[in-house]
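Asker: fold the following for me, if possible:
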Amino acid sequence: MVDDQFKFENVALPLLEMAYEDWIELARETAITVSRTKGQVTSDDVWELCPPPPHVNPKAMGALYHPRKNWTQIGFQKSSRNSSHGRTIGVWKYEE
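Answerer: I've put the predicted structure just below:
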């Protein structure tokens, strides 16, 4: 499992970030703003304010919190988006 997590964070996330660079930049700025305002942010928050264009792979949402240098996962909650069917998502905090 650790190896899979390492590959996801060090291989998959950078590739997703390169593939969808323009949207990820806007979405990351949105995530940072929400975190600074509310003290935390989830992918649901970003999805509502800066939804990915139809051509963007939904897994690219994970690249918003990469690199992990300034992001701390502070919890989990159920997604409020119907398409997520109550799946658990991370709650993140941005710190400089």
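
Asker: after the lowest-mean-pLDDT helix or strand in the chain comes which helix or strand?
Answerer: Within the chain, no helix or strand scores below helix 2-7, which has a mean of 74 by mean pLDDT, DSSP states H and E. Scanning forward in sequence from helix 2-7 by DSSP states H and E, the next helix or strand is helix 13-19.

Asker: any regions of the protein where pLDDT drops low?
Answerer: Along the chain, the model assigns pLDDT under 70 to residues 1-2.

Asker: flag every buried residue along the longest helix seen in it.
Answerer: Secondary structure assigned by DSSP state H gives helix 21-38 as the longest helix of the chain. Within helix 21-38, the residues scored as buried using 16 or more other CB atoms under 10 Å are 23, 24, 27, 28, 30, 31, 32, 33, 34, 35. Yep, even glycine has a C-beta here, placed from its N, CA and C like the rest.

Asker: what's it in contact with?
Answerer: For helix 21-38, contacts defined as CB atoms under 8 Å, 6 or more residues apart in numbering pick out 16-17, 40-41, 45-46, 49-50, 52-53, 56, 60-61, 63-65, 92-94.

Asker: about what we covered before: would CSV of the buried residues of helix 21-38 with distance to residue 77 be doable?
Answerer: Putting those into CSV (distance: CB to CB, whole Å) gives the following:
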residue, distance to residue 77
23, 24
24, 22
27, 19
28, 20
30, 18
31, 15
32, 19
33, 19
34, 14
35, 15
